[in-house]
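Asks: Return atomic coordinates for the entry below.
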Amino acid sequence: MQLYGPVSSCLKLLIGLIPPLIIGSIAWGVGLVVPVLGGPVIAILIGLVVGQLFGLRNEWAEGVSFASKKILQGSIVLLGAGMSLTQVAQIGGSGLPVMIGTLVICLIAGLVIGRAMKIEEHIRSLITYGTAICGASAIATMSAVIGASGPAIAVSITVIVLYNVLGAVLFPTIGHILGLSQEAFGMWAGTAINDTSSVVAAATVYGSVAATYAVVVKLTRTLAIIPLALFKTWSLNSQLPGEEQRTTVFYKLIPPFLILFILAAAVQSIGLIPKTWNDPIHFLAHFGTTVAMAAVGMSSSLTAIRDAGWKPVALGAILWFFVATSSLALQWLSGSL
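Replies: Predicted coordinates:
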């Protein structure tokens, strides 16, 4: 019997969720045995292998996309339910000098180095925005603002995904080698890893305090997309005739899960979440992150990275290095390292 409508869509979603759930469960178990790696990092690696061996099959696509986006966002909201608004304000406020400093350094470096390497304008711009702010989300937002082409978006996201995976895998080990505290690592990961998914993965492996810091720093950093998008829109509009100019409503640039994260923290702050719920919420947040990382790994393509060419990949590496080192340097200068 053939299924139609919502039933068919739900069935496709459930079938597609099976691979990331299996990989996430295996990675979670291995992470308990090898905590220095942790479930999310192991999930990315297994997912990457599965993706290269089997490809992103049509019957998996819908579930994998749901896991890498919606389950990840839901996990971040659950992390918000584990902290208070006071923590959010304190961490976000204390990290502003580091976040603003790394943002400015990356934007300037991307402009200067990208031009020097003669990389196409939209590609260099999107790689710079993705590295400076919030990975694929920044690329998606700014590509609409500047009118970037499909190939430019694809190449930029491919580069960002490469360094997302490397960041999730390498940062915890480097953090231990440098002897970073939980707070310092959370600040470092939140400012120096491109995408929210890999920030959560790396920080979760490092520790619960690091995860708290990293998520707040990352979500605060994500808000930078609003003034940047508004400024870029104004800049481009000022070059157009009056009848061709357009407006951008600022609140439409705020990711809905960020609002839900703050609401969850508010609910926790006023004591509406029973203490007996804290452990289940903590488990669901971290297991959900592991499942999402499996989907991220499955969605990553080594072939696409190869096809992007060396210049965009090299620019991504250079900017990533600038942001990572400047984050540590600014923490040291501010006395928080």
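Asks: Now residue 28: closest residue in space that isn't a chain neighbour?
Replies: Among residues not flanking residue 28 along the chain, residue 39 sits closest, at 4.3 Å (C-beta to C-beta, 6 or more residues apart in numbering). In this view, the C-beta of every residue, glycine as well, is placed from N, C-alpha and C.
Asks: For the one you found, the count of nearby residues, please.
Replies: Neighbourhood size, residue 39 [other C-beta atoms under 10 Å]: 28.
Asks: Ok, residue 122 next?
Replies: With other C-beta under 10 Å as criterion, residue 122 counts 19.
Asks: From what I see, it and residue 145 are in contact.
Replies: No: counting by C-beta atoms under 8 Å, residue 122 does not reach residue 145; the two are 11.0 Å apart.
Asks: same for the helix or strand harbouring residue 296, what does it pack against?
Replies: Assigned by DSSP states H and E, residue 296 falls within helix 278-299. With contacts taken as 3 or more C-beta pairs under 8 Å, 6 or more residues apart in numbering; DSSP states H and E, helix 278-299 sits against helix 5-33, helix 39-54, helix 58-66, helix 72-80, helix 150-178, helix 196-206.
Asks: Could you rerun that using 7 Å?
Replies: Contacts defined by 3 or more C-beta pairs under 7 Å, 6 or more residues apart in numbering; DSSP states H and E place helix 278-299 against helix 5-33, helix 39-54, helix 58-66, helix 72-80, helix 196-206.
Asks: Show me what the mean pLDDT comes to for it.
Replies: Helix 278-299 carries an average pLDDT of 83.
Asks: Measure how that helix sits relative to helix 39-54, angle-wise.
Replies: Orientation check (axes from the mean of the first three to the mean of the last three C-alpha atoms, to 10 degrees): helix 278-299 against helix 39-54 gives 30 degrees.
Asks: residues contacting the closest residue to residue 81 other than its chain neighbours?
Replies: Spatial nearest neighbour of residue 81, chain neighbours left out: residue 264 (4.1 Å); criterion: C-beta to C-beta, 6+ apart. Residue 264 is in contact with 77, 80-81, counting by C-beta atoms under 7 Å, 6 or more residues apart in numbering.
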